[in-house]
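Participant: task: produce atomic coordinates for the following.
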Amino acid sequence: MPHRPTTDRLHLFLSLLLLTIPATAVAQSPESVRQTDRGTYARAIAAGYKAVFMCDGVFVAGRSERQIDTLELQGIYPEYEKIVPLLPVRFDRRTASVTVPFDAELPPRRATWRRGAGCTLAPIGDNSMPAVTHAAPPAPLGGDPRPWPMGDAGIAPRPDEAVARIVDRAFGAEYGRGSETVGVVVVKDGRIVAERYREGFGPYTANRTWSVAKSIAGTLVGLSGVDPRRPVDIPEWRSPYGADPRARITLDQLLRMASGLHSDTAGNRTDAIYFGGTTVTEQATSWPLSSRPGERFRYANNDIMLAIRSLRASLGEARYRALPERLFATLGMRHTVAGTDWQGNYILSSDVYTTARDLARLGQFWLQDGVWQGRRVLPAGWIRYMTTPAGPQPDRSEGYGASIWLFGARQGLPDGSFSAQGNRGQYVMVIPAHRLVVVRRGEDPAGARFDVAKFTADLLAAR
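Facilitator: As a prediction, this is how the structure comes out:
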């Protein structure tokens, strides 16, 4: 771990100075109190952001504090971007945990690593989650000696010059000014034909999927065997005082972002769960209906988290707990972990760490209609279900299926193309007509956008 005593002392001094500012305002007026509360909460979220990214970055991805500071923690949400650099971070490798102080009156935010589950945030005001003492700091896994696609042996991509030039251009500004590509894998006919990484990343370096996790969630619903047409099973919506109208929402409507549920933003910001330590069952289940289910498209992290919450109730704890690893182990995705909140709910709208190669395996699995190594894993027709639009659609050129984005001629790609995609430039593009899978991993700052459709179209033209 880089040792930067002078920098750490400066960060601590600035942090403590920042913490004293609201304290002088508390007694001034009710408005001052409200401003102080908002400031404390924003620092708490910023500290949680830093704690969980440092924890996953170091203990899951094997990156250094300095690397994470200069990339993953740059260009983040603007309301936290100025706070995060001022907050000191403390590592305890014996317990594989990270703490970030943020307030003189409250405990530091704490993220703790668990084998096979990544890092979990404790709630604001509590860092007493039981720690596990490790005999040695966990080390990220290296390559798998099995042949591709189950392992990493035998991968020797030799792209032709045209493909190599296009992949190289993905690491510049051609496909998005200000974008930061960290990895590209191109798979043709089931074989890796091109692969490149930014310095500090490699075939076994994981980073956060963000909303690519939503398409993983849709895949897990298929793997579970639960009928998506059935109403959801949300225990928090059961009441002895009368029927809850939300209980009529179906799994299908959740996967298609058509639940009709309200949220305080367009639906793709759930900071309290991601970085605040609030649980899925506390917040995602709390929103009321604002339209009839099935009549409005509203992209929402909550819908996917509720779909997976429903699986927990339907499947029982043991089957629910094993579901992600069942998929990952089947596909050889040994560098992939699904994170949970502190009450054990999978946050499968965003919180998955994985590598570009593991996402290439997943894309190839989708391309093969849920068949892997000659064995059917998903029910026949499930990929068609995921990639078929039904009900209300987004107000943009791309369509939406059941947890996955749909592309075609309007985006300059063959009809039937589809993509999982997430914040900061995560893409798994599948082109069935050309048996092509394109994975682009990024750490794009806020406001930058990588044009994955143009990148994919250029790859197709080159071949």
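Participant: show me which residues of stretch 212-231 are buried.
Facilitator: The neighbour-count check on stretch 212-231 (16 or more other C-beta atoms under 10 Å) flags 212-224, 226, 228 as buried. (C-beta placed from N, C-alpha, C; glycine too.)
Participant: farthest pair in those?
Facilitator: Among these, the pair separated by the greatest distance (C-beta to C-beta) is Val212 and Val226, at 21.7 Å.
Participant: quick check: Pro145 touching Ile155?
Facilitator: No - between Pro145 and Ile155 there is no contact under C-beta atoms under 8 Å: 11.9 Å.
Participant: any low-confidence regions in the chain?
Facilitator: Across the chain, the ranges flagged by pLDDT under 70 are 1-37, 127, 129-131, 135-137, 267.
Participant: helices along the protein, start to end?
Facilitator: 5-23, 30-55, 65-70, 78-81, 161-169, 212-224, 251-255, 271-274, 280-283, 301-315, 317-331, 356-367, 382-386, 452-462 (DSSP state H).
Participant: helices and strands around the fifth one, which ones?
Facilitator: For helix 161-169, the elements it packs on are strand 181-188, strand 191-197, helix 452-462, judged by 3 or more C-beta pairs under 8 Å, 6 or more residues apart in numbering; DSSP states H and E.
Participant: and if we set it to 6 Å?
Facilitator: If you count contacts as 3 or more C-beta pairs under 6 Å, 6 or more residues apart in numbering; DSSP states H and E, helix 161-169 packs onto strand 191-197, helix 452-462.
Participant: among those, which is nearest Arg298?
Facilitator: Closest among the helices and strands packed on helix 161-169, once you apply C-beta to C-beta, is helix 452-462, at 23.1 Å.
Participant: show me which residues of that closest one are buried.
Facilitator: Of the residues in helix 452-462, those buried (16+ other C-beta under 10 Å) are Val452, Ala453, Phe455, Thr456, Ala457, Asp458, Leu459, Leu460, Ala462.
Participant: if I look at the third one, how far off is Arg158?
Facilitator: Relative to Arg158, Phe455 is positioned 20 Å away (C-beta to C-beta, to the nearest Å).
Participant: same deal with Pro228?
Facilitator: Distance from Pro228 to Arg158, by C-beta to C-beta: 42 Å.
Participant: so who does the closest residue to Phe201 other than its chain neighbours touch?
Facilitator: Closest residue in space to Phe201, ignoring its immediate chain neighbours: Val182 at 4.6 Å, by C-beta to C-beta, 6 or more residues apart in numbering. Taking C-beta atoms under 6 Å, 6 or more residues apart in numbering, we find Val182 in contact with Arg198, Phe201, Arg441, Glu443.
Participant: for the first one, which non-adjacent residue is closest in space?
Facilitator: So that's Arg198. Val182 is the one closest to Arg198 (C-beta to C-beta, 6+ apart), at 4.5 Å.
Participant: please report how far that neighbour lies from Trp113.
Facilitator: 22 Å.
Participant: quick one: which of the helices of the chain is nearest Leu121?
Facilitator: helix 30-55 (5.3 Å).
Participant: okay, now the spatially closest residue to Cys119 that is not a sequence neighbour: neighbour count?
Facilitator: Nearest residue to Cys119, sequence neighbours excluded (C-beta to C-beta, 6+ apart): Cys55, at 3.7 Å. Using other C-beta atoms under 10 Å, Cys55 is surrounded by 26 other residues.
Participant: quick one: residues contacting Cys55.
Facilitator: Contacts of Cys55 by C-beta under 6 Å, 6+ apart are Val98, Ala111, Trp113, Cys119.
Participant: what's the answer for Tyr320, then?
Facilitator: Counted by C-beta under 6 Å, 6+ apart, Tyr320 has contacts Leu311, Arg312.
Participant: so how far is Ala313 from Pro379?
Facilitator: 21 Å.
Participant: comparing the two, which residue is more hemmed in?
Facilitator: Neighbours were counted for Pro379 and for Ala313 using other C-beta under 10 Å; Ala313 has more, 15 against 12.
Participant: I'd say the more buried one and Pro235 touch.
Facilitator: Yes - at 5.5 Å, Ala313 and Pro235 qualify as touching, with contact defined as C-beta atoms under 6 Å.
Participant: not counting residues beside it along the chain, what's closest to Thr336?
Facilitator: Nearest to Thr336 is Thr354, by C-beta to C-beta, 6+ apart, at 3.9 Å.
Participant: an error on my part: the question was meant for Glu81.
Facilitator: Once flanking residues are discounted, Glu81 sits nearest to Gly75: 7.4 Å by C-beta to C-beta, 6+ apart.
Participant: just give the number of residues close to that neighbour.
Facilitator: So Gly75, with other C-beta under 10 Å, has 17 neighbours.
Participant: how much space is there between it and Gly316?
Facilitator: For Gly75, the distance to Gly316 - C-beta to C-beta - is 41 Å.
Participant: one more: Asp351?
Facilitator: 22 Å.
Participant: between these two, which has more neighbouring residues?
Facilitator: Asp351 (26 against 10).
Participant: quick check: the more buried one touching Gly339?
Facilitator: Yes - Asp351 is within contact range of Gly339, at 3.6 Å (criterion: C-beta under 6 Å).
Participant: around Leu362, how many other residues sit close by?
Facilitator: For Leu362, the tally of surrounding residues (other C-beta under 10 Å) stands at 26.
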